[in-house]
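Asker: how would this look folded up:
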Amino acid sequence: MELLNKILEIVNTAILSANGTISEFRGDFVLTVKSSQIIQIAELLKNHPELQFKLCEDITAVDWATRENRFSVVYHLFSLLHSFRLRVVTVLEGSGTAIDTVTSIWKTANWQEREAYDMYGIEFKNHPDLRRMYMPEEFEYYPLRKEFPLLGIPGSLPLPKK
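Answerer: Purely as a prediction, here's the structure:
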């Protein structure tokens, strides 16, 4: 818990309006921050000498469907210095689907953000190559959104020929 308090102290001291919160559930630690400050907080977590979250293991999204702030973007970070995992969650305001890219901080974020874009429609502003990975570019849907039917949309994608 000492490291968690240090993380929260550093984040809130360096970025006065961050108002970050840290929570814990069954050994998983979550730092919740404002989406407008993701770049500053990501740089701080990676470059601060006492933290050093040098590895961004994964970036994904959550579609809450019925909530006012429908989408959350989730960053899974790892500090080799402390052998410690931290999840950073940011909620996109209103019906927004855009957030700043963190590819300038962690190069691994490139493909992870592209995947979140392809599956959820989250736009990462200033991403160097934001395009679809799994679905065709002209595909107008996002398969992991809650409104997408479980069996897909008949005729939306041509099936391969036998």
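Asker: centre of the chain versus stretch 21-37, how much separation?
Answerer: Mean-position distance between stretch 21-37 and its chain equals 12 Å (C-alpha atoms, centre = their mean, to the nearest Å).
Asker: And for stretch 98-112?
Answerer: With C-alpha atoms, centre = their mean, you get 9 Å for stretch 98-112.
Asker: Between its first and last residues, how far does that stretch reach?
Answerer: This stretch, stretch 98-112, spans 15 Å end to end (C-alpha to C-alpha, to the nearest Å).
Asker: Also stretch 10-30?
Answerer: End-to-end distance for stretch 10-30: 15 Å, by C-alpha to C-alpha.
Asker: Pull the distance from that stretch to the chain's centre.
Answerer: Centroid separation between stretch 10-30 and its chain, computed with C-alpha atoms, centre = their mean, is 15 Å.
Asker: Flag every buried residue along the helix or strand of the chain with the lowest mean pLDDT.
Answerer: Sorting the helices and strands of the chain by mean pLDDT, DSSP states H and E puts helix 2-14 at the bottom, at a mean of 75. Using 16 or more other C-beta atoms under 10 Å as the test for burial, helix 2-14 gives 4, 7, 10-11. In this view, the C-beta of every residue, glycine as well, is placed from N, C-alpha and C.
Asker: pLDDT below threshold where in the chain?
Answerer: For the chain, applying pLDDT under 70 flags the ranges 1, 14-19, 159, 162.
Asker: Quick one: the helices in it, in order.
Answerer: Taking DSSP state H, the helices of the chain run over residues 2-14, 38-47, 109-120.
Asker: Tell me the helices and strands packed up against the shortest one.
Answerer: Where contact means 3 or more C-beta pairs under 8 Å, 6 or more residues apart in numbering; DSSP states H and E, helix 38-47 is packed against helix 2-14, strand 71-79, strand 84-91, strand 98-100.
Asker: closest to residue 44 out of those?
Answerer: helix 2-14 (5.4 Å; C-beta to C-beta).
Asker: contacts for the closest one?
Answerer: Residues lying outside helix 2-14 but in contact with it, judged by C-beta atoms under 8 Å, 6 or more residues apart in numbering, are 18-22, 24, 29, 31, 33, 40-41, 44-45, 48, 50-51, 82, 84, 86.
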